[in-house]
Structure formats: C-alpha cells, structure tokens
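S.K.: sequence plus the predicted model coming up.
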Amino acid sequence: MKAVKVPVRADFHMHTEFSGDSDAPVRAMLDAALEKGMESVCITDHFDEDYPEDRETGRNPFLFDIDRYFQVLEGLREEYAGRIDVRIGVELGLQPHLGERYHVLTGKKPFDFVIGSLHLIHGMDPYDRIIFQGRSDAEVYREAFQATLENLEKIKDFDVLGHIDYVVRYGTHQAQEYSYRAFSDEIDGILKKVIDMGKGIELNTGGLKYGLGFCNPHPDVIRRYRELGGEIITVGSDAHCPEHAAYDFEKAGAILEACGFRYYTEYRGRRPIFKQLG
Ligand SMILES: [Zn+2]
Ligand SMILES: [Zn+2]
C-alpha cells in the first residue's frame, strides 16, 4: 500500500504495552504509523520513577525492563528498516528529586530521544482529579506550571518538554479558566528556560483527541515559543492504541505553519534533525 502524504511524517510520542496504561503490541503501533504515512516513529513508553503504587497490583505501573525494551525495539528496527525508521525513546515522568536517577538511566542506554513530562504535581496525578477538589482550576494550573519550572531547574537529561499544558485536560471546566494570557508569566518562564537549556517542546495532538479542542500546548503557547526564539518542536500523537497513531497530523502541520514554523523536528541519537513541513 502506498503511504498517504502528510505534512508531518514523524510521530515522536507513542506508547505500547511497555507502558502500564497501554495494551498495544509494538508491531501494531508501527504498522498503524506506516499506514498513516509516517517515515519515522519514536516509541516513547512511560518511565516514571517514584509513581504511586497501583492499588490492585501494589506496583508502580510506569516502570519497565529497559534491557528487554531495547532488545525488542532494536529487533523491530531491523525488521522494519526500509519501510519506517524506528527510533527508541522514553517519556520520563519528571519530579525534581529524580534528576540523578534519570541522569544515570539516560546515560546507560543509547536512547534516540527523551521526552520529559510532568505527570505528578507534588505527588498527585491530575488524571485522578483529586487535586482539583475544593480548588479552582486556575489555582491547580498555576501550581502545575510552577512545578514544571521546578523540574526544569533540577533535571537536564531530556530533549523536549512533553505536553506543556496537559493539566488542562483534567480540569473540572477544562479550558474555561485557561489561556496563554492568564498564565503568561509562568508559561514564558518555562519557554525561556527550555530555550536557554537548548531543549525543545512538543506539539502533542492528544488534546485534540480527548475533546479539549486544541493540541498541547495551546497554539498561542507554540506561537509564543517561536517568538521567543524556540526552534525545536517535535510532533507526537501520544497514542496508546493503534487507531490514534499520527492522530490529526494534518492539523498539526497547519498549526505549526500558522505559528511561524517551516520545520518540525525529529531526533536520532539524542540529536535534533529538522524536516521541512509539507
Ligand atoms: Zn505524558
Ligand atoms: Zn505519553
């Protein structure tokens, strides 16, 4: 089957059964990405050191055997060579005290790409919505942005900052109390720090698929990043199942262009590669 032509041909945020919240076989994710016209794909399974234990299993759901991960993915990289470029990545759950552990982890294995994401705000996952109880959404969003900045001050071993405003997905009234303008001090602080560190951000299409109505971060944030001089931006579906591979990538290309980008970024061996849109 001939692949369709899409403006962005690299899905750099995808989960598989190595993540505690996905059952998708790696092969199924690669096949789906191929079908969507991707030329390269980066598998970025969750690795959250110090995530609260699952009540049923008593275990941290977001840890996996890194050696086996590399063994499986390296095998598939060979097998799919010539059809789709398979890169090996990881999505690290950032918390300020984990800097040293992530430094060791990323030094130990030849990752192509590392996403650093905020999943816990002072130990609480906004996904559970407990953190919103008795508080305004705006208060929690501000806390999430401040926690993101704290992470950036303590952790250096990542390439792009994942889904910057994803906390908004779980707010009681979602985007009602959210705009770039309302949090411009916090968001500018994050964007400037990322640029200073020589790192990038991602355009995560997950927000589009979960009914938020915009990607993460919001296009106003992406535009601001560009204005501040940001150049590195990867695009990821954050798919946890094959149907969501390269989700809304046509839209992602249009958003990047509207925000002033002519290129998107992919990574190999932790080095950015710039690709022309379209
Ligand atoms: Zn994430
Ligand atoms: Zn993810």
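M.R.: Here it is on my side, so go on. Ligands and ions are numbered 1, 2, ... in the order given.
S.K.: only C-alpha atoms for contact and neighbour calcs from this point on.
M.R.: Will do.
S.K.: show me the contacts for Tyr225.
M.R.: Contact analysis of Tyr225 by CA atoms under 8 Å, 6 or more residues apart in numbering lists 191-192.
S.K.: er, Thr106 I mean
M.R.: Counting by CA under 8 Å, 6+ apart, Thr106 touches Asp157.
S.K.: what do you get for Tyr166?
M.R.: 207, 216-217.
S.K.: which of these tops the neighbour count?
M.R.: The residue in these with the most neighbours, by other CA atoms under 10 Å, is Asn216 (26 neighbours).
S.K.: doesn't Leu203 make contact with that one?
M.R.: Yes - between Asn216 and Leu203 there is a contact under CA atoms under 8 Å: 5.9 Å.
S.K.: mutual contacts of these two, please.
M.R.: Taking CA under 8 Å, 6+ apart as the contact rule, Asn216 and Leu203 both touch His163.
S.K.: helices of this protein, start to end?
M.R.: Taking DSSP state H, the helices of the chain run over residues 26-35, 66-80, 99-108, 137-154, 184-196, 206-209, 219-227, 249-258.
S.K.: and which of the contacts of Tyr166 is nearest Val235?
M.R.: Asn216 (10.3 Å; CA to CA).
S.K.: report pLDDT for that closest one.
M.R.: Here the pLDDT value assigned to Asn216 is 97.
S.K.: beta partners for it?
M.R.: Following DSSP bridges, Asn216 is listed with bridge partners Asn204.
S.K.: and if you look at Tyr267?
M.R.: The bridge-partner assignment for Tyr267, based on DSSP bridges, gives Pro272.
S.K.: contacting residues for it?
M.R.: For Tyr267, the contacting residues are 112-113, 273, by CA under 8 Å, 6+ apart.
S.K.: picking that back up, turn the contacts of Tyr166 into CSV, including distance to Asp23.
M.R.: Formatted as CSV, the contacts of Tyr166 follow (distance: CA to CA, whole Å):
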residue, distance to Asp23
Gly207, 21
Asn216, 24
Pro217, 26
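S.K.: ok, and the closest non-adjacent residue to Ile155?
M.R.: Gly99 (4.7 Å; CA to CA, 6 or more residues apart in numbering).
S.K.: Gly207 too?
M.R.: Take Gly207 and drop its neighbours on the chain: the residue closest to it by CA to CA, 6+ apart is Cys215, 4.6 Å away.
S.K.: and stretch 73-85, average pLDDT?
M.R.: For stretch 73-85, the mean per-residue pLDDT is 98.
S.K.: is it true that the residue nearest to Ile155 touches Leu152?
M.R.: No - counting by CA under 8 Å, Leu152 is not a contact partner of Gly99; they are 9.6 Å apart.
S.K.: out of the two, which sits in the busier spot?
M.R.: Counted by other CA under 10 Å, Gly99 and Leu152 do not tie: Leu152 has more neighbours, with 22 against 18.
S.K.: residues near the residue nearest to Gly207, how many?
M.R.: Neighbourhood size, Cys215 [other CA under 10 Å]: 26.
S.K.: do the same with Tyr263
M.R.: Residues lying near Tyr263 (other CA under 10 Å) number 21.
S.K.: so what's the residue count around the residue nearest to it when sequence neighbours are not counted?
M.R.: Nearest residue to Tyr263, sequence neighbours excluded (CA to CA, 6+ apart): Gln276, at 4.4 Å. By other CA under 10 Å, the residues close to Gln276 number 12.
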